[in-house]
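mind looking at a prediction? Sequence and model below.
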Amino acid sequence: MGGTEFGEVITAEGTMITIADAIDADALRIRHEFLDMPGLALTVPQTAKLYALSNSHARSLLDSLVAEGFLAGDPGGRYRRSTPTPSV
């Protein structure tokens with residue numbers, strides 16, 4: 001197999017496949033809980049305890065979900081599902 005740009009790999013048979021970024025299982029678990037319980041609001045320490053994560057890893061995951069637009073943080077340090085803004 002040979003490598004090319006952007007995570008693409010050409011197999012021995014000449015087929016090109018694209019390698020996706022690794023999926024963080026912890027991020028998937030957190031996302032699932034917020035989808036399953038729409039009113040859920042968690043702080044970093046609560047998230048860390050619920051998912052058996054370090055506080056720094058929990059904060060990193062929550063912040064990445066905020067950056068994606070999936071979660072929103074509030075001034076009290078709680079994270080909840082972001083509400084989509086209606087298009088005008």
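Looks like it arrived, so ask away. Numbers count the residues shown, from 1 in each chain.

from now on I want contacts and neighbour counts done on CA atoms only, so please keep to that.
Will do.

show me where this protein has helices.
25-36, 44-51, 55-67 (DSSP state H).

Serialize those to CSV and add fields for mean pLDDT.
Converted to CSV, the helices of the chain look like this (pLDDT from 0 to 100):
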stretch, mean pLDDT
helix 25-36, 92
helix 44-51, 96
helix 55-67, 94
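
can you redo those as a markdown table with distance to residue 77 and mean neighbour count?
Shown next, in a markdown table, are those (distance: least, C-alpha to C-alpha, whole Å; neighbours: other C-alpha atoms under 10 Å):
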| stretch | distance to residue 77 | mean neighbour count |
| --- | --- | --- |
| helix 25-36 | 16 | 13 |
| helix 44-51 | 8 | 16 |
| helix 55-67 | 10 | 17 |
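
could I get the ones you listed in CSV, plus columns for distance to residue 75?
As requested, these are arranged in CSV below (distance: least, C-alpha to C-alpha, whole Å):
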stretch, distance to residue 75
helix 25-36, 19
helix 44-51, 13
helix 55-67, 14
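
nearest to residue 81, of those helices?
helix 25-36 (6.5 Å; C-alpha to C-alpha).

can I get the CA coordinates of that closest one in CSV?
Output of helix 25-36 as CSV, limited to C-alpha atoms (Å, rounded to 0.1, in the frame of the first residue of the first chain):
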residue,chain,number,x,y,z
ALA,A,25,-15.2,7.2,21.9
ASP,A,26,-15.5,9.5,24.9
ALA,A,27,-16.8,12.3,22.6
LEU,A,28,-19.3,9.9,21.1
ARG,A,29,-20.5,8.8,24.6
ILE,A,30,-21.0,12.5,25.6
ARG,A,31,-22.7,13.4,22.4
HIS,A,32,-25.1,10.4,22.8
GLU,A,33,-26.1,11.4,26.3
PHE,A,34,-26.9,15.0,25.2
LEU,A,35,-28.9,13.6,22.4
ASP,A,36,-30.7,11.1,24.6
